[in-house]
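A.B. asks: Predicted model and sequence follow; I will ask about them next.
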Amino acid sequence: MKQHILEIIRQNTERFGEKAVFQEFISEGKLEQWSWNKMYSMVQKASAALIRKDAAPKSNIGIFSQNRHQWLISDLAIMQIGARTVPFYSTATAAQLEYIIGETGMEIIFCGDQAQTQIALSLLKKTSLKTIIFLEENPPELPEKIICWKDFLEMPDDADFQKAENYFQGTKADDLATIIYTSGTTGEPKGVMLDHNNFIDCFRMHDQRLTVQQDDLSMAFLPLSHVFERAWSLYMLYSGAVIHFLPNPRAVIDEMKKVQPTLMCAVPRFFEKTLEGVHKEYDTWPAFKQKVFDFAVRTGKKMAHYRAKQNSAPLGLRMKEALSNKLVYKNIAAVFGGKIKYMPCAGAAINPDDLLFFHAVRLFVNYGYGATETTATVSCFREDEYDFNSCGSVMPGLEVKIGENDEILIKGPMVFRGYYKKEEETTRVLRDGWFYSGDEGKFVGKDKIMMTDRIKDLMKTSVGKYISPQKLEMLLGSDPYIEQVLVIADRRKYASALIVPSFEKLKVFAESTGLIGNTLKELIEHQSVRELIASRIDALQTDLMPHEQIKRFELLCEAFSIEKGSMTNTLKIKRKPVMEMYRDRIEAMYK
């Protein structure tokens, strides 16, 4: 049976009543919880208040905020009256907002903090925007045109509530629920249109693949503006679980220890950084402790392969694992709060060795593949059988095939309706019911897939040779001395790279070679440092074809980041902006 998301929310509110649904740390570190009844009461008030501000079915309404309970309440309120939620990343610029507001004709936007509110204010006279709702209950003094959350919820009268209910009664499961603009590393943003059917079918497919229970606690760490966390959090509501909102993703490890979630979505970069932290600690340990850790990891990796196939391990190996659990695994689990059942992971490629490490220490990273256009998940690990060299098994109810140029094609009820007001782009990727993903991939065994590269990201050198930047970037990024890397090769004679070295590792190297006192800039320009990095790159490239190898590189003393505009909100490097930022240094590598 087809259903509207808010029908599910209403049913679960009746079912769960005073059971907790949301929680968040508020002022002075106090943990506050909201019951289903309280949450849905705020949804009803917000829906009616939107009516008071002239919202109606098919209105496009923005949310520009960090994760917080008001984010999802606003989202549900928007969808309840048949309107569409248009999320913005919390770090979006005025230019990005102006483009999306202009294309969607948006008149109302919810803002999470003063900086976001100021950006919205600057667009009031330049765009269709008319109303700004500030998601703080007791904010500092605000300009007249801004409504704070508390006042917003107190605005509606009986007529507004009745109108909101009438609008809800007129909603249908195939109504558009949201327009999610893809952040992308290149090109103009495109608004992905997803309806309520897409989400409900997504939830039902996940029920066949994953185990989520009413007492599960999921931490919303990734931005709700991204389809991964948004779809997952709505699935938590569908399942009756509790959601803990994390406004500051930099505090994730500290908050996990306090909150002890059982579930949390993450991107590969989270696990890469965590593993870097483990290696950093490892280097400070005495030899005996390192040997114990190495023994536990070796044991865990052997067990992980048995567990991945649901095969019974030898008794001796099981006994070694039990010992390793007491000595090592429990300590690592405590870093994540100690109660994690599994962690869905997608958004980019992950190094299979990194993935195997976390499974070895008994942290189930449920790796998968998906896209905004497929309501997130296309494939993920089954709980009972998986392959570390894949992106998991295709979700039940979806069809996947490999087309020309090894492109992954997807068909099924989770595939989007098209790009908002972009018919040409829609026609290019939606053909005969198949979504042409633009991702290169292959099948691993019967039902597992592996995404190997972005087809449009493949680079062709000036001598006609193709290079996979993702393959090279993952290879070089596996070296502990290399923190971030961007490969350049398109229409060039050879491949080169911009490299952000591990500053911590360089400091250790400086101390061991008498370079103490040099600034970071002086350090990365020093001949011995360049020779160190060059030798490590050469060692990594021994199995590559000559045309694939990095011939020259530039070391940078500033990391790529969201704040500097050089990374997306899902921590992928923005190729075009970075290449423009370092244009002179790139050109110097080809002189």
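C.D. replies: Yep, that arrived. Numbering: from 1, shown residues only.

A.B. asks: going forward, measure contacts and count neighbours with C-alpha atoms only.
C.D. replies: Noted.

A.B. asks: Which positions in the helix or strand where Phe270 lies come out as buried?
C.D. replies: Using DSSP states H and E, Phe270 sits in helix 268-282. For helix 268-282, a neighbour-count test (16 or more other CA atoms under 10 Å) marks 268-269, 271-272 as buried.

A.B. asks: With distance to Cys202 as new columns, can these be given to me in CSV?
C.D. replies: Supplementary listing: these in CSV, determined by distance: CA to CA, whole Å:
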residue, distance to Cys202
Pro268, 22
Arg269, 25
Phe271, 25
Glu272, 28
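
A.B. asks: Format those residues as CSV; extra columns: pLDDT and distance to Asp254.
C.D. replies: Output for these, formatted as CSV (pLDDT from 0 to 100; distance: CA to CA, whole Å):
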residue, pLDDT, distance to Asp254
Pro268, 90, 19
Arg269, 85, 17
Phe271, 93, 15
Glu272, 87, 17
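
A.B. asks: Pick out the most distant pair among those residues.
C.D. replies: The distance between the two most remote of those (CA to CA) is 6.3 Å, for Pro268 and Glu272.

A.B. asks: list the contacts for Ile133?
C.D. replies: 108-111, 146-149, 152 (CA atoms under 8 Å, 6 or more residues apart in numbering).

A.B. asks: Out of these, which sit inside strands?
C.D. replies: With DSSP state E as the criterion, strands contain 108-111, 146-148 from among those.

A.B. asks: Of these, which is the nearest to Tyr181?
C.D. replies: Ile109 (15.3 Å).

A.B. asks: Any idea how many residues pack against the closest one?
C.D. replies: Neighbour count for Ile109, taken as other CA atoms under 10 Å: 25.

A.B. asks: Check what pLDDT it gets.
C.D. replies: In this model, Ile109 is scored at 98, pLDDT.

A.B. asks: Please name the bridge partners of it.
C.D. replies: Gly62, Ile132 (DSSP bridges).

A.B. asks: Same question for Arg454.
C.D. replies: Beta-bridge partners of Arg454, as defined by DSSP bridges: Asp439.

A.B. asks: Now do the contacts for it.
C.D. replies: 438-440.

A.B. asks: before we move on, back to that, among the contacts of Ile133, which one lies nearest to Gln33?
C.D. replies: Trp149 (17.6 Å).

A.B. asks: what's the burial count for the closest one?
C.D. replies: 20.

A.B. asks: And for the one 3 residues further on?
C.D. replies: For Phe152, the neighbour count with other CA under 10 Å is 21.

A.B. asks: Tell me the predicted confidence for it.
C.D. replies: Phe152 is given a pLDDT of 95.

A.B. asks: now Lys572
C.D. replies: For Lys572, the predicted pLDDT is 79.

A.B. asks: for the protein, what's the longest helix?
C.D. replies: Longest helix of the chain, by residue count under DSSP state H: helix 287-308.

A.B. asks: Please, where are all the helices along the stretch 251-400 of the chain?
C.D. replies: 252-259, 268-282, 287-308, 315-324, 330-335, 352-360 (DSSP state H, counting those that start in this stretch).

A.B. asks: about what we covered before: export the ones in strands among the contacts of Ile133 to TSV and tack on distance to His244?
C.D. replies: Listed next are those as TSV, based on distance: CA to CA, whole Å:
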residue	distance to His244
Ile108	26
Ile109	23
Phe110	20
Cys111	20
Ile146	27
Ile147	26
Cys148	23
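
A.B. asks: Is it possible to mark the buried ones in these?
C.D. replies: 108-111, 146-148.

A.B. asks: Nearest to Phe293 among the residues you listed?
C.D. replies: Closest to Phe293, out of all of these and judged by CA to CA, is Cys111, at 46.4 Å.

A.B. asks: and that closest one, what does it touch?
C.D. replies: By CA under 8 Å, 6+ apart, the residues touching Cys111 are 63-65, 117, 120, 132-135.

A.B. asks: let's see 10 Å
C.D. replies: Going by CA atoms under 10 Å, 6 or more residues apart in numbering, Cys111 touches 62-66, 71, 88, 90, 117-120, 132-136, 146, 148-149.

A.B. asks: Apply the buried test to those and list what passes.
C.D. replies: Using 16+ other CA under 10 Å, the buried ones in those are 62-66, 71, 88, 90, 117, 119-120, 132-136, 146, 148-149.

A.B. asks: average model confidence for stretch 531-546?
C.D. replies: The average pLDDT for stretch 531-546 rounds to 90.

A.B. asks: One more: stretch 484-501?
C.D. replies: 90.

A.B. asks: can you tell me the average pLDDT over stretch 2-18?
C.D. replies: Here the average pLDDT along stretch 2-18 is 95.

A.B. asks: Please report the number of neighbouring residues for Glu425.
C.D. replies: Neighbour tally, Glu425, other CA under 10 Å: 13.

A.B. asks: Grab the nearest non-local neighbour of Cys148.
C.D. replies: Computed as CA to CA, 6 or more residues apart in numbering, the closest residue to Cys148 that is not its neighbour in sequence is Phe134, at 4.6 Å.

A.B. asks: now swap in Lys258 and tell me
C.D. replies: Going by CA to CA, 6+ apart, Lys258 has Gly337 as its nearest residue, at 6.8 Å.

A.B. asks: In this structure Gly403 contacts Gly441, no?
C.D. replies: Yes - with contacts counted by CA atoms under 10 Å, Gly403 reaches Gly441, the gap being 9.4 Å.

A.B. asks: Overlap of the contact sets of those two?
C.D. replies: Leu409.

A.B. asks: Settle it for me: which of these two has more neighbours?
C.D. replies: Between Gly403 and Gly441, Gly441 has the larger neighbour count (other CA under 10 Å), namely 23 against 13.

A.B. asks: Please report the distance of that one from Asp453.
C.D. replies: Computed as CA to CA, to the nearest Å, the Gly441 to Asp453 distance reads 7 Å.

A.B. asks: Mind listing the shared neighbours of the two?
C.D. replies: By CA under 10 Å, 6+ apart, the residues touching both Gly441 and Asp453 are 406-407.
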